[in-house]
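Colleague: Following is a predicted model, sequence given first.
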Amino acid sequence: MTRKTRRDTLTALLFISPWLVGLAAFTLYPLAASLYYSFTDFDVLSEPVWIGMGNYADMAGDAVFWKSLYNTLFYAAFAIPLGLVLSFLVAVLLNQTARGRSVFRTLFFLPSIVPLVAVAMIWMYVFNGGFGLLNHALGPVLIAVNAVLGTDLRPPNWMADPYLTKPTLILAGLWQIGGTVVIFLASLQDVPRSLYESAELDGAGPARRLWHITVPLVSPVIYFNLIIGIINALQFFVTPFILMPDGATDRSALMYTVYLYDNAFRYNQMGYASAMAWVMFLLIVVLTWLATKLSRRHIYYAGA
Amino acid sequence: MTPDPAQHDRHPGETGPVMSRRDVLRRAGAVGAGLALSAPAPLLTGGCVRHEDRYTPDGRLILSYWEKWTGFEGDAAQALVDAYNASQDEVFVQRSTISDIQNKLMLATAGGNPPDIAGTWSWVVVPYAEKNALTPLDGYMRDLGVVKDDFVPVFWDMCSHRGFLWAMPSTPASLALHYNRALLRAAYDEDPGYFDRHGLDPHAPPRDIAGFEKLNDLLTVVEVRRDGATQAVRYAHLTEEEKRRPDERFAIRSMGHNPYEPDWYVATFWLFFGGRVWDGRDQVTPDDPGLTAWLGWIESYPRRFGPNNLQRFASGLGEFGGAQNPFMSGQVAMQLQGVWMYNFINTYAPHLEWDVQAFPALDPEALDAPTLVESDVLVIPNGARHPEQAARFIAFAASMQGQETLNLGQRKFSARKTHSDRFLRDHPNPHIETFIELSRSPNARPTPAMGIWKQYDEELRQACSSVYKLTKTPEAALRDACARAQWKLDREQQRWDRVGAARLEEWREDVR
């Protein structure tokens, strides 16, 4: 490295130093500290005590840890594909030339800018087992069904029945697909019209055009949204924290991040919570790697 | 060698310092870097820096006092502070209302910059003391003449742990059964024979759980289909067939009692069954007959009224702090509540006919006048800058004047054994003496003095929830809850084994 290159490098580093300092202080240090704490018994108020792999060993035997992990993976297994398919279809619809298109686009995006806590409060009223809006709507339907079939079906208790708590959270999570829709919409507008026209001339119908032209050409964006979806689903926090803070009956809806929060800030077990955070990090890395490996052959990069 | 472009930029004949573009950029970069490096410094160290002492214009040292109360409770706390500030001219206590005080106190203490005085809860004392987050008060209180003999023992004891005093009670409370006299009377008027058959008193609920549940059956009103129409019927008047499949045969309109209304104490009802949750040392007690009886009692609710019915009934109830409160609106006739309930009744349902008495016990002969007692407390966090001055304020708050100023304002009672004549005379709660008597009962129990109590309580709540929804038997739910609690207790014990000796020595030094 010449003297000038060294000087230039130094100058460049000085210019980006605000960001570097921020990164070091607010990202790298907390990361390193949490890694260290994960090997300690740390209650926040007193000095951490080194216990090696103790927290990780405890985690392996902690039934609630496994339950929260199962709940989160269950949620992710349904919420990610449903969210992707729904947002993609909505984006395709919003990409059509129709009157009031911009109004619809705004309406679909609107829930994404409503604060999550406010949305969760609304869901509390929607899913309330006694006077909830959903059960209010279901009531007449079930009366009709009961009259025809002679059954005794009643509106369910969405937030208390252990079989329904996770589906309730999945339904609530689907509401905020606006951000994903916008990304899909942008990519859909990049698909050349000429390809659709050629396919149309060859006799391809709307479904075949969607499957053979649209999907391959937006596949990088589907992949991107899939990765973001995995991360968001595994870190799903606000809605379950507000709707079912104790995880509902038998902890059937206790999400991983909520249990992590409980350990960190309610039980003062910051060491254990840090270990949980690192396990979550590794899980996200593995799932992202897996998604990348499995989808590599199916992604088409036009410029590549 | 690369020529310096700055040389080419310089005009002939130009003298003096001329800066090249690179110099300008370099210096700007250096300034930027300097700013960037220095700007976060206060942010990073702010939590750790010890600020200078603050003084009032007349030279009084300012003490910071964090408290959680707002509204009339905040006004009462301010009256206490004002009285103390007027009583001396050395310090000035500055009260700040802090929301989520528990977490903020923890973070401020961990950051080394806590307030001088903090108002928190009695259940915080043990876990915080164990974590060395509090200042032992023994020496200070001894020097200030504050002695145990002046206080109701249970309130002093709940502020002590491992032989040290960590807090002083500010606003104590005991729990009692609140009941709606009008609903009791209406039930008697409708079916006096039921009262006779079951030996019930038309003026007050029974003192035993079995009789209490008989009364509950009569006070609970359900909607049932009879002769093609929906009728409101007392649960006790349902036919056996109608009772057999509750979720399918009826819906609940109002209840005599429901342990989940409110759900605050659902995991502590065991004390009315003579239960014990641990041996006081290092073992939880899953086989305790009182605990099993308690969960069996919880299970009797969904068995009688239907798990889905109970869920629907609960989800239709109004908020606690409002006119739709189930007790005040007559949807629940009897509930376990604390001394504070008067404040809500007085505000939202001033015409309610209500009374209080001890909550019934499984065996009232063996367990007379049982109650759960708790207290808000004042502590000096470890690392507070002015512990001596803070202790003087706490001693003032614990004096008869301080206790009565605060607790008359908050309509609670004093933690001291004696009170002035004026205190009872001026107290607006017509039932305050019942709460005072209950707090002095030999069966007044505080929450267990365990560092993991909140977590244990959470596990017991889960057990209750599973039993209440009939997803687990009481035995299985209790076994699961206690297994987890034991695991957590063992972890805590291991930690204490590592640090305990040093900590005890440190505390002994502190109080010397």
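Modeller: Thanks, I have it. Numbering: from 1, shown residues only, chains lettered A, B, ... in the order given.
Colleague: C-terminal to the lengthiest strand in chain B, what's the next element?
Modeller: Counting residues, the longest strand found in chain B (DSSP state E) is strand B:168-180. Proceeding N to C from strand B:168-180, the next assigned helix or strand is helix B:181-190, under DSSP states H and E.
Colleague: Mind listing what's buried along that following helix?
Modeller: B:183-184, B:187-188 (16 or more other C-beta atoms under 10 Å in any protein chain shown). Heads up, the C-betas are built off the backbone N, CA and C, glycines and all.
Colleague: Just the residues contacting it, thanks.
Modeller: B:194-195, B:202-205, B:215, B:218-219, B:234, B:330, B:333, B:352-355 (C-beta atoms under 8 Å, 6 or more residues apart in numbering or on different chains).
Colleague: Which helix or strand contains residue B:248?
Modeller: helix B:246-249.
Colleague: Render the CA-only coordinates of that helix in CSV, please.
Modeller: Coordinates of each C-alpha in helix B:246-249 appear next as CSV, following Å, rounded to 0.1, in the frame of the first residue of the first chain:
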residue,chain,number,x,y,z
PRO,B,246,-73.2,-27.4,30.8
ASP,B,247,-71.6,-26.0,27.6
GLU,B,248,-74.5,-27.3,25.6
ARG,B,249,-77.4,-26.8,27.9
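Colleague: is chain A contacted by that helix?
Modeller: Yes - against chain A, helix B:246-249 shows contacts by C-beta under 8 Å from any C-beta of the partner chain at residue B:248.
Colleague: What mean pLDDT does that helix get?
Modeller: For helix B:246-249, the mean per-residue pLDDT is 90.
Colleague: Give me the sheet partners of the following helix or strand past it and which way each runs.
Modeller: The helix or strand immediately downstream of helix B:246-249 is strand B:250-254, counting by DSSP H and E. If you go by DSSP bridges, strand B:250-254 pairs up with strand B:221-226 (antiparallel).
Colleague: So which bits of stretch A:61-74 are buried?
Modeller: Those would be A:62, A:64-65, A:67-69, A:71-72, A:74, for stretch A:61-74 by 16+ other C-beta under 10 Å.
Colleague: So what touches that stretch?
Modeller: Counting by C-beta under 8 Å, 6+ apart, A:59, A:166, A:233-234, A:236, A:247, A:251-259, A:276, B:484, B:487 sit against stretch A:61-74.
Colleague: which sections of the chain are below the confidence cut-off?
Modeller: Reading this off chain A. A:302-304 (pLDDT under 70).
Colleague: Hmm, no, I was thinking of chain B.
Modeller: B:1-51.
Colleague: for residue A:244, what are its contacts?
Modeller: A:159, A:165, A:169, A:253-254.
Colleague: What of residue B:269?
Modeller: B:259, B:294, B:297-298, B:336.
Colleague: Would you mind naming what in the stretch 1-150 of chain A lies close to chain B?
Modeller: So the stretch 1-150 of chain A meets chain B at A:4, A:7, A:11, A:14-15, A:17-18, A:21-22, A:25, A:41, A:43-46, A:49, A:58, A:61-64, A:128-132 (C-beta under 8 Å from any C-beta).
Colleague: closest point of the stretch 201-304 of chain A to chain B, which residue?
Modeller: residue A:249 (4.9 Å; C-beta to the nearest C-beta).
Colleague: Got phi/psi on the closest residue to residue B:145 other than its chain neighbours?
Modeller: In space, and not counting its chain neighbours, residue B:145 is closest to residue B:395: 7.8 Å by C-beta to C-beta, 6 or more residues apart in numbering or on different chains. Dihedral pair for residue B:395: phi -60, psi -40, per degrees, to the nearest 10.
Colleague: Return the alpha-carbon coordinates of stretch A:233-243 using PDB.
Modeller: Backbone C-alpha positions of stretch A:233-243 (Å, rounded to 0.1, in the frame of the first residue of the first chain) are rendered in PDB as follows:
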ATOM      1  CA  ALA A 233     -42.000 -14.900  11.300                       C
ATOM      2  CA  LEU A 234     -39.300 -16.200  13.600                       C
ATOM      3  CA  GLN A 235     -39.200 -12.800  15.300                       C
ATOM      4  CA  PHE A 236     -43.000 -12.500  15.500                       C
ATOM      5  CA  PHE A 237     -43.500 -10.500  18.800                       C
ATOM      6  CA  VAL A 238     -45.900  -7.600  19.100                       C
ATOM      7  CA  THR A 239     -49.200  -9.300  18.200                       C
ATOM      8  CA  PRO A 240     -48.800 -12.400  20.400                       C
ATOM      9  CA  PHE A 241     -47.300 -10.200  23.200                       C
ATOM     10  CA  ILE A 242     -50.400  -8.000  23.200                       C
ATOM     11  CA  LEU A 243     -53.100 -10.600  22.300                       C
END
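Colleague: How far away from the center of its chain is that stretch?
Modeller: Remark: stretch A:233-243 is offset 9 Å from the chain centroid, using C-alpha atoms, centre = their mean, to the nearest Å.
Colleague: wait, doesn't residue B:124 sit right on residue B:106?
Modeller: No - with contact taken as C-beta atoms under 8 Å, residue B:124 and residue B:106 are classed as non-touching, separated by 9.4 Å.
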